[in-house]
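S.K.: Here is a sequence with its predicted model. Questions after.
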Amino acid sequence: MVNSAGITREQVWDWLQQVTDPEIPVLTIHDLGILRDVAVHDGGQVEVFITPTYNGCPAMDMIAANIRIALAEQGITQLKITSVLAPAWTTDWMTEEGKKKLCDYGIAAPDKRFTIANDGVECPHCHSTHTKLLSEFGSTACKALYQCNDCKEPFDYFKCH
């Protein structure tokens, strides 16, 4: 759909594919699956729908600011950002590319076999599953802290939701 300002939903979606997560800058909001939808309205208004990874996620304000900046750079002056809480975000919404980026960055990707396992999470450094849980809370609330028993490196695990 093209609105009266000549902006298409696809253009906006493409522009937003460059907006990164402030806590994990190798991931885009598309990779995380928090970019839910985009609507273009007559008169030039764009509406972006996002879902937080969990209620109260402190990164959402910065993500909204980064969306505003990215779209302002494209000439979008009328913008509405709508937070969608239902259905609740799940790690199933993450892209496979995003999960690969997490591992390359040194964070174990979510694995539906367990939410927080005592051990057995694959180390993103050496790929061993000989790992142990150090803390259910990692560098952010959505991660747990593990250590690999083989390479001895600590690493975060992105919790399943």
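M.R.: Thanks, I have it.
S.K.: CA atoms for contacts and neighbours, from now on please.
M.R.: Will do.
S.K.: end to end, how far does stretch 106-113 reach?
M.R.: 20 Å (C-alpha to C-alpha, to the nearest Å).
S.K.: Pull the residues that contact it.
M.R.: 91, 99-100, 102-103, 121-125, 155-160 (C-alpha atoms under 8 Å, 6 or more residues apart in numbering).
S.K.: so which of those is the most crowded?
M.R.: residue 157 (32 neighbours; other C-alpha atoms under 10 Å).
S.K.: any idea whether that one is helix, strand or coil?
M.R.: Three-state assignment for residue 157 (DSSP: H, G, I helix; E, B strand; the rest coil): strand.
S.K.: isn't it right up against residue 148?
M.R.: No. If you go by C-alpha atoms under 8 Å, residue 157 and residue 148 don't touch, sitting 11.6 Å apart.
S.K.: and residue 98, what helix or strand is that in?
M.R.: Residue 98 belongs to helix 96-105 when assigned by DSSP states H and E.
S.K.: Give me the residues contacting that helix.
M.R.: 26, 27, 28, 31, 32, 108, 109, 110, 124, 125.
S.K.: list the contacts for the residue most central in space within the chain?
M.R.: Centroid-nearest residue in the chain, with C-alpha atoms, centre = their mean: residue 32, separated by 2.7 Å. Residues in contact with residue 32 (C-alpha under 8 Å, 6+ apart) are 91, 93, 94, 95, 98.
S.K.: now swap in residue 83 and tell me
M.R.: 49, 50, 51, 52.
S.K.: Now with 7 Å, please.
M.R.: By C-alpha atoms under 7 Å, 6 or more residues apart in numbering, the contact set of residue 83 is 49, 50, 51.
S.K.: Now, of these, which are buried?
M.R.: 50, 51 (16 or more other C-alpha atoms under 10 Å).
S.K.: Since that was my last question, I'll sign off now.
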